[in-house]
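S.K.: sequence-free structure coming up:
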């Protein structure tokens, strides 16, 4: 089974590199990065893998306007943010625990001339700056204890500044926690043959 996973990961990365040469020339989105290579531990975050190109199909489900702001939690090299920029968000931002990955993301944005995209370094376990955002994006970037901390900080923000908030989650390994222990409710699911490629969208409404 381990050998099969290695083979599939190599095939996935090879296919992603080929697509990136066409869609994002000169950018580095496709290559996976381990926690050790990125400068953090498995207890702090999961390895970097790029989001899938199906994200725009998910975002089309929502009436996005310039009044909406989206934050990518664990943005890695920024592929999801580049895809988000195809929509009229007033702000597209993201953070990663790895300064090196955030730097790669910003280089990618400069290469694509996406001046409105910005990645910064932060730790999801302690980050509390959610007040300006009403859309959140996760790609299974966090171990469960850190994910719980991040959602707790988000809930504190929603209590402090009540607003409708949508959360988009690729490979939703902590789905049961979200719908069982928080006020977020599932509103849409884009299924795939593998959980790696399944998107689930959740919504929080005050009151």
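M.R.: Done, it's in. Just so we're clear, the structure is a prediction, and the values are computed from it rather than from any experiment.

S.K.: only C-alpha atoms for contact and neighbour calcs from this point on.
M.R.: Noted.

S.K.: any residues touching stretch 140-147, and which ones?
M.R.: If you take C-alpha atoms under 8 Å, 6 or more residues apart in numbering as the criterion, stretch 140-147 is touched by 42-48, 73-74, 124-125, 169-174.

S.K.: from these, keep the buried residues only.
M.R.: For the contacts of stretch 140-147, a burial check counting by 16 or more other C-alpha atoms under 10 Å picks out 44-48, 73-74, 124-125, 169-172.

S.K.: in strands only, show me the residues you listed.
M.R.: Among the buried ones among the contacts of stretch 140-147, the members falling in strands are 73, 169, 170 (criterion: DSSP state E).

S.K.: closest one to residue 188 out of the residues you listed, please.
M.R.: residue 169 (10.6 Å; C-alpha to C-alpha).

S.K.: any idea how far the closest one is from residue 102?
M.R.: Between residue 169 and residue 102 the distance is 20 Å, computed by C-alpha to C-alpha, to the nearest Å.

S.K.: residue ranges with poor pLDDT in this structure?
M.R.: 1-15, 18, 193-196 (pLDDT under 70).

S.K.: try it again with 80
M.R.: Scanning the chain for pLDDT under 80 picks out 1-23, 191-196.

S.K.: ok, back up a step: want to throw the buried ones among the contacts of stretch 140-147 into TSV with distance to residue 83?
M.R.: Formatted as TSV, these follow (distance: C-alpha to C-alpha, whole Å):
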residue	distance to residue 83
44	26
45	22
46	21
47	20
48	17
73	15
74	15
124	22
125	26
169	15
170	14
171	17
172	19
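
S.K.: who touches the closest residue to residue 33 other than its chain neighbours in this structure?
M.R.: Spatial nearest neighbour of residue 33, chain neighbours left out: residue 48 (5.0 Å); criterion: C-alpha to C-alpha, 6 or more residues apart in numbering. Applying C-alpha under 8 Å, 6+ apart to residue 48 gives the contacts 32, 33, 34, 35, 76, 77, 141.

S.K.: pretty sure the first one contacts residue 50?
M.R.: Which is residue 32. Yes. Taking contacts as C-alpha atoms under 8 Å, residue 32 lies within contact range of residue 50: 7.3 Å.

S.K.: helix, strand, or coil at the most centrally placed residue in the chain?
M.R.: Against the mean C-alpha coordinate of the chain, by C-alpha atoms, centre = their mean, the closest residue is residue 138 at 3.5 Å. Assigned by DSSP: H, G, I helix; E, B strand; the rest coil, the conformation of residue 138 is strand.

S.K.: identify the bridge partners of residue 71.
M.R.: residue 93, residue 136 (DSSP bridges).

S.K.: show me the helices in the protein, by range?
M.R.: Per DSSP state H, the chain carries helices over the ranges 2-23, 35-38, 55-59, 79-84, 99-111, 144-160, 175-181.

S.K.: is it possible to export these to TSV including mean neighbour count and distance to residue 67?
M.R.: Formatted as TSV, those follow (neighbours: other C-alpha atoms under 10 Å; distance: least, C-alpha to C-alpha, whole Å):
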stretch	mean neighbour count	distance to residue 67
helix 2-23	13	27
helix 35-38	14	34
helix 55-59	15	15
helix 79-84	22	14
helix 99-111	20	22
helix 144-160	17	17
helix 175-181	13	26
